[in-house]
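>>> Structural data only, the sequence is not supplied:
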């Protein structure tokens, strides 16, 4: 099914909002910098703890990161449906961040918009967010799951593994990457965590691959007020580049949180008890999505969120289904993480040390799915960070020289280079 970039704004909003409060993770530098490495929040904990109560100048780290990543991808993939989960990519990179050191770690912190690089603060904040996402929500299924798939025989740093288990609830599996079905085990985990909406994240395992860091997010929400299927009809839709096409358009009237911005209008469609919502931003001009994207920043997002107010109106929204796959290597490198992908410059010694080799990120693969209809929305996202080792140099073998046949020799003054004597031994 075709789906224009105008209608895609709804999907972008889900990536920032509907996937729970992970999209607005905040990490503030002053108060939290001295925070101890406390145990993670248990399932059912609220976000009213230290991470949520930080100072008034905090910025939504993953919101900022999500906007940056979205803008890079729409440049990289113009004219196609781009749908991402900042939360999924953010959590996968945060788990990877636990093994980064030096400039690599600093660059990752910058890309992820961490206001502090204190690992304890980052982990505690993410732990609260993950627990919050896994809480029961009326008429909504929302879950986040993490896993580490390690090559058997590689000695990973104990602290790296323990932090990911403790704060991210990561399942750590040590498996034989060379055995048949190794990739299938990872893909089966992904399929199970996304209710079969995403069934494959690893095509094959390279001999130099040593670790896959995987996050999966699943969302299924029923609209607080469902669209009446009897009101759905084929209506015109105007894709980029001109022309007109027929699409199944859903119709609904009522009271909605509404915002009128500069060159666009927006409405919020809640799911279940209202904790999660889809925010739909519609440019006034049919060709206005590029201008809207230019105006989209973390700061403008926060300003828009504070401007919604109840207003009566009528909403027409297309049914749509989007499946999106992207390597994020280029986008993340453009945002400042290039060293992490460079086998000569990456520093993941907090993750693993291998004599004669160096660990680096080979790729970050991101897959998403979303289906929107009269009943609600189902969406899933998976992010895999693949860690590889640079080629391990084989140790030089000691040479063996058995002079059991004729040979030449010379005696040389190494100070001057003068050959003092030379000759050959044919038969000693």
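Arrived safely, thanks for sending. From a predicted model like this one, the values you see are computed outputs, not experimental measurements. Residues are numbered from 1 along each chain as shown.
>>> Go ahead and report the secondary structure state at residue 99.
Here residue 99 is recorded as coil under DSSP: H, G, I helix; E, B strand; the rest coil.
>>> Equivalent analysis for the one 5 residues further on, please.
Going by three-state DSSP, the secondary structure assigned to residue 104 is helix.
>>> which residues sit in contact with it?
With contacts defined as Cβ atoms under 8 Å, 6 or more residues apart in numbering, residue 104 is in contact with 339-340, 345-348. (C-beta placed from N, C-alpha, C; glycine too.)
>>> what about the closest residue to it other than its chain neighbours, which SS state?
Across the structure, with Cβ to Cβ, 6 or more residues apart in numbering as the measure, the residue nearest residue 104 apart from its sequence neighbours is residue 347 (4.2 Å). At residue 347 the chain is in coil, as set by three-state DSSP.
>>> Make sure residue 347 is actually in contact with residue 103.
Yes - contact criterion Cβ atoms under 8 Å: residue 347 and residue 103 qualify, at 6.8 Å.
>>> returning to that earlier point: neighbour-wise, which one of the contacts of residue 104 leads?
residue 340 (29 neighbours; other Cβ atoms under 10 Å).
>>> May I have the phi/psi pair for that residue?
Reported as degrees, to the nearest 10, the phi and psi values for residue 340 are phi -60, psi -20.
>>> Equivalent analysis for residue 282, please.
phi -110, psi 110.
>>> In contact with the closest residue to it other than its chain neighbours: list those residues for me.
Nearest residue to residue 282, sequence neighbours excluded (Cβ to Cβ, 6+ apart): residue 265, at 5.6 Å. Neighbouring residues of residue 265 by Cβ under 8 Å, 6+ apart: 258-259, 281-282, 284.
>>> Show me where this protein has its strands.
Under the criterion DSSP state E, the chain contains strands at 140-151, 171-175, 209-222, 233-237, 245-261, 264-271, 276-283, 309-318, 320-327, 359-372, 376-389, 407-413, 418-425.
>>> Figure out which of those strands is closest to residue 126.
Taking Cβ to Cβ, strand 140-151 is the member of those nearest to residue 126, at 9.7 Å.
>>> relative to strand 171-175, how tilted is that closest one?
On the basis of axes from the mean of the first three to the mean of the last three Cα atoms, to 10 degrees, strand 140-151 is oriented at 30 degrees to strand 171-175.
>>> From the chain's centroid, how far away is strand 140-151?
12 Å (Cα atoms, centre = their mean, to the nearest Å).
>>> so that strand versus strand 276-283, what angle?
100 degrees.
>>> Please work out the average pLDDT along strand 140-151.
Averaging pLDDT along strand 140-151 yields 96.
>>> still on that earlier bit, adding pLDDT and distance to residue 356, write the contacts of residue 104 out as a markdown table.
Shown next, in a markdown table, are the contacts of residue 104 (pLDDT from 0 to 100; distance: Cβ to Cβ, whole Å):
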| residue | pLDDT | distance to residue 356 |
| --- | --- | --- |
| 339 | 97 | 20 |
| 340 | 97 | 20 |
| 345 | 95 | 17 |
| 346 | 97 | 15 |
| 347 | 96 | 16 |
| 348 | 97 | 15 |
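>>> quick one on the thing from earlier: with distance to residue 88 as extra columns, can I get the strands of the chain in JSON lines?
Output for the strands of the chain, formatted as JSON lines (distance: least, Cβ to Cβ, whole Å):
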{"stretch": "strand 140-151", "distance to residue 88": "8"}
{"stretch": "strand 171-175", "distance to residue 88": "16"}
{"stretch": "strand 209-222", "distance to residue 88": "5"}
{"stretch": "strand 233-237", "distance to residue 88": "29"}
{"stretch": "strand 245-261", "distance to residue 88": "26"}
{"stretch": "strand 264-271", "distance to residue 88": "19"}
{"stretch": "strand 276-283", "distance to residue 88": "16"}
{"stretch": "strand 309-318", "distance to residue 88": "24"}
{"stretch": "strand 320-327", "distance to residue 88": "12"}
{"stretch": "strand 359-372", "distance to residue 88": "7"}
{"stretch": "strand 376-389", "distance to residue 88": "4"}
{"stretch": "strand 407-413", "distance to residue 88": "67"}
{"stretch": "strand 418-425", "distance to residue 88": "70"}
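>>> and of those, who's closest to residue 335?
strand 359-372 (11.5 Å).
>>> Which neighbouring elements make contact with that closest one?
Counting contacts by 3 or more Cβ pairs under 8 Å, 6 or more residues apart in numbering; DSSP states H and E, strand 359-372 packs against helix 86-97, strand 209-222, strand 320-327, helix 329-332, strand 376-389.
>>> Strand partners (parallel or antiparallel) of it?
strand 320-327 (antiparallel), strand 376-389 (antiparallel) (DSSP bridges).
>>> ranking the ones you listed by burial, who's on top?
strand 376-389 (a mean of 24; mean count of other Cβ atoms under 10 Å).
>>> check contacts around the closest residue to residue 256 other than its chain neighbours.
Computed as Cβ to Cβ, 6+ apart, the closest residue to residue 256 that is not its neighbour in sequence is residue 267, at 4.6 Å. Shown in contact with residue 267 (Cβ under 8 Å, 6+ apart): 256-259, 279-280, 313, 315.
>>> let's go with 7 Å and repeat that
256-258, 280, 313, 315 (Cβ atoms under 7 Å, 6 or more residues apart in numbering).
>>> circling back: quick check: the residue nearest to residue 104 touching residue 102?
Yes - assessed by Cβ atoms under 7 Å, residue 347 is found in contact with residue 102 at 4.4 Å.
>>> Burial check on the residue nearest to residue 325 when sequence neighbours are not counted, number of neighbours?
Counting by Cβ to Cβ, 6+ apart, residue 367 is the residue found nearest to residue 325 once chain neighbours are left out, at 4.9 Å. Counted with other Cβ under 10 Å, residues neighbouring residue 367 total 24.
>>> Stretch 169-184: which residues count as buried?
169-170, 175, 177, 182-183 (16 or more other Cβ atoms under 10 Å).
>>> now swap in stretch 355-366 and tell me
So stretch 355-366, judged by 16+ other Cβ under 10 Å, has buried residues 357-366.
>>> could you dump the residues you listed to a markdown table with pLDDT?
Below are the buried residues of stretch 355-366 laid out as a markdown table (pLDDT from 0 to 100):
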| residue | pLDDT |
| --- | --- |
| 357 | 90 |
| 358 | 94 |
| 359 | 96 |
| 360 | 97 |
| 361 | 97 |
| 362 | 97 |
| 363 | 98 |
| 364 | 98 |
| 365 | 98 |
| 366 | 96 |
